[in-house]
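Participant: The sequence isn't on hand, but the structure is:
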């Protein structure tokens with residue numbers, strides 16, 4: 001009866017397909033300290049001192065969430081019976097602990113998120129005007145780190161070692177290096193896009209669809225009509241990334257040149273990017289990162305070939321004031337601590353992702369319409 005009740009609540013409340021995450025072991029749910037009482041307005045109040053579930057598999061279309069274990073503490077919910085079926089009105093929990101979660105599916109935005117994003121883009125009259133529910137990438141504003149790439153047998157650059165420092169959210173291409181046999185190359189940004197000046201001429205890695213873009217300081221030449229570049233240009237990561245995202249995800253890949261696509265298949269990537277504190281928001285999700293001074297929220301990047309995929313791991317995520325909306329429900333948490341990893345895989349023309357929450361906890365959870 002306990003398993004049946006828990007499964008029914010999950011099916012009815014979340015509207016997801018429920019199964020076992022492990023074919024060799026059945027899913028398990030236990031409830032402890034359950035009580036309920038009818039309210040004056042027809043609602044039913046339910047209290048659960050403890051809820052533990054393991055080896056669950058929840059699916060919604062192509063998205064699949066596998067839960068190794070989840071423990072919910074001090075859960076209180078309000079249910080209402082409508083048309084003969086119970087519906088969740090609201091829920092609160094003092095905290096949850098989780099381990100071995102995995103969300104995977106195609107690397108595309110769900111239809112609900114795309115609709116919200118399209119509406120927010122239409123509400124923004126200018127590229128640098130922030131609209132409600134638009135992308136906000138505050139943690140990039142104070143990011144620090146170094147990104148390294150090793151390009152093997154590159155047509156234009158020969159074998160090359162690329163180093164791009166990031167300081168206080170800024171990439172200064174005067175400090176970026178492209179080292180290889182013979183005279184070294186230089187990276188920079190012009191009004192046409194991101195480029196590499198190699199011994200055999202300039203090649204563009206990414207060409208802008210429109211200019212000027214927010215957060216970009218373009219290259220400058222030394223004297224009138226001089227062919228020599230005195231300043232290679234700069235990128236403010238937060239403003240530049242937000243500006244690019246406002247143009248639409250579908251258009252982000254259009255600026256990649258054919259030369260860059262070839263190089264991506266031969267480029268290994270590594271590095272660390274220590275995110276700053278601040279608000280990260282996208283349609284349907286927002287969270288405020290914290291703990292930069294304590295070394296939290298550092299992203300470790302790794303890829304053997306960028307053209308085939310990219311991995312990122314945050315060993316110590318620390319955030320507060322998180323909120324996500326999905327199918328008319330809003331889930332919020334006062335604080336979150338977790339270890340997570342993201343893997344983006346390129347399979348021909350399609351991409352898919354795997355987001356893994358290895359362990360963590362959250363407190364002050366609320367769920368409602």
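Facilitator: Okay, I see it. Owing to the predicted nature of the structure, the values given are computational and were not obtained by experimental measurement.

Participant: For the stretch 101-250 of the chain, give me the ranges with low pLDDT.
Facilitator: 109-133, 153-158, 211-212, 223-227, 248-250 (pLDDT under 70).

Participant: hey, where'd the helices end up in it?
Facilitator: Assigned by DSSP state H, counting those that start in this stretch, the helices in the stretch 101-250 of the chain fall at 111-122, 237-246.

Participant: Distance-wise, check residue 367 relative to residue 36.
Facilitator: Distance, residue 367 to residue 36, by C-beta to C-beta, to the nearest Å: 17 Å. Every residue, glycine included, has its C-beta placed from N, CA and C.

Participant: which of those two has more neighbours?
Facilitator: The neighbour count for residue 367 versus residue 36, taken as other C-beta atoms under 10 Å, is higher for residue 367 (19 against 11).

Participant: what's the pLDDT at the more buried one?
Facilitator: Residue 367 carries a pLDDT value of 91.

Participant: What of residue 252?
Facilitator: So residue 252 comes in at 63 (pLDDT).

Participant: Setting aside sequence neighbours, what's the nearest residue to residue 145?
Facilitator: Nearest residue to residue 145 in three dimensions, chain neighbours excluded: residue 273, at 3.9 Å (C-beta to C-beta, 6 or more residues apart in numbering).

Participant: what's the distance between that neighbour and residue 33?
Facilitator: Relative to residue 33, and taking C-beta to C-beta, residue 273 is found at 44 Å.

Participant: same thing with residue 233?
Facilitator: Distance of residue 233 to residue 33, computed by C-beta to C-beta: 62 Å.

Participant: Who are the contact partners of the residue nearest to residue 145?
Facilitator: Contacts for residue 273 (C-beta atoms under 8 Å, 6 or more residues apart in numbering) come out as 143, 144, 145, 147, 166, 298, 299, 301.

Participant: Restricted to strands, list these.
Facilitator: Mapping the contacts of residue 273 onto strands (DSSP state E) picks out 144, 145, 147, 166, 298, 299, 301.

Participant: Was I right to think the fifth one contacts residue 316?
Facilitator: Yes. With the criterion set as C-beta atoms under 8 Å, residue 298 and residue 316 qualify as a contacting pair; they are 7.3 Å apart.

Participant: for the stretch 251-369 of the chain, what spans make up the helices?
Facilitator: 258-264.

Participant: Mind listing what's buried along stretch 315-334?
Facilitator: Using 16 or more other C-beta atoms under 10 Å as the burial criterion, the residues of stretch 315-334 that qualify are 317, 318, 319, 320, 322, 325, 329, 331, 332, 333.
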